[in-house]
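# Predicted model and sequence below, questions to follow.
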Amino acid sequence: MSDSIIQVKNLHKSYDMGQSALHVLKGIDIDIKEGEMVSIMGSSGSGKSTLLNILGILDNYDSGSYHLNNILVRSMGETEAARFRNRYLGFIFQSFNLISFKNAMENVALPLYYQGVNRKKRNQLALEYLERLGLLNWANHLPSELSGGQRQRVAIARALISQPKLILADEPTGALDSQTSNEVMDILESVNASGISMIIVTHEPKVAARTHRVIRLSDGLIVPNGQPHTQEASSIVQETKP
Ligand code: ADP
Ligand code: MG
């Protein structure tokens, strides 16, 4: 047993493109300890979402190994994989992925529905989580009646309600202005401080700077000692100065 929540070794993933294959992940190694808050950076199309979807057991990998909580994901049956997704993992997306015809409370309660919790209990818990995120007065409102920041807070409440051990966030601030983005990062930091591990995909250096460490993807591989892109660029500029 290791104290890693995630251990990935030599992970490969290609997409079948009919005649050819698109080799997106070309031998990824990652080790994330319990309690860590890590960001994944890389240019558009570098495979960040592909990697996050594999980590969230939303997609399969081709070869290599992936251990989640010391369990080889490949060896999980569909029932166990679903149990992990519902009880162990929380997901946050750039576009919030709220159900447009359900109000904030019903959206937050949804994971409990899949766990078979009765309506009264799940609505009561949903209100508690909305209150924690400062949204109690918005419980009966539809997503279309909320601001972007409020929508993302609803999505965070929905991710938290099943008390996950690990949250996977794909560009959680990508659709928000910089002040709202800061507010969402304040919340995610305090969620992490409460003991929940976190992986945040982002292309914003400001967001990455608020995590414990940066994993940088480039050409399907992880750049050693992932440096923020801006620093790489500026050091190249300095080196080429006469
Ligand atoms: P990122 O999140 O870093 O922008 P993605 O993981 O979404 O990158 O995509 C990596 C590459 O894989 C891109 O070239 C993208 O077009 C391709 N890709 C992503 N998903 C699929 C898919 N389901 N089928 C085929 N190609 C895909
Ligand atoms: Mg992406």
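Nice, I can see it. Ligands and ions are numbered 1, 2, ... in the order given.
# now the helix or strand harbouring Ala169: how far from the chain's centre is it?
Per DSSP states H and E, Ala169 falls inside strand 166-170. Mean-position distance between strand 166-170 and its chain equals 2 Å (C-alpha atoms, centre = their mean, to the nearest Å).
# how about it as CSV, C-alpha atoms only?
C-alpha atoms of strand 166-170 as CSV (Å, rounded to 0.1, in the frame of the first residue of the first chain):
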residue,chain,number,x,y,z
LEU,A,166,-10.7,13.5,-4.8
ILE,A,167,-12.1,16.3,-7.0
LEU,A,168,-11.3,16.5,-10.7
ALA,A,169,-11.8,19.9,-12.2
ASP,A,170,-11.5,20.6,-15.9
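# centre of the chain versus the longest helix along the chain, how much separation?
In the chain, taking DSSP state H as the definition, the longest helix is helix 178-193. A distance of 14 Å separates the C-alpha centroid of helix 178-193 from that of its chain, computed with C-alpha atoms, centre = their mean.
# tell me which residues of it are tucked away?
Across helix 178-193, burial judged by 16 or more other C-beta atoms under 10 Å covers 180-185, 187-188, 191-192. For the C-beta atoms, the positions are set from N, CA and C on the backbone; glycine is no exception.
# What angle do strand 166-170 and it make with each other?
160 degrees (axes from the mean of the first three to the mean of the last three C-alpha atoms, to 10 degrees).
# next structured bit after helix 178-193?
strand 197-201.
# just checking, what packs against that next one?
When contacts are defined as 3 or more C-beta pairs under 8 Å, 6 or more residues apart in numbering; DSSP states H and E, strand 197-201 packs onto strand 20-33, strand 37-41, helix 48-55, strand 166-170, helix 178-193.
# picking up where we left off before, describe which strands the strand holding Ala169 pairs with in its sheet and in which direction.
strand 89-93 (parallel), strand 197-201 (parallel) (DSSP bridges).
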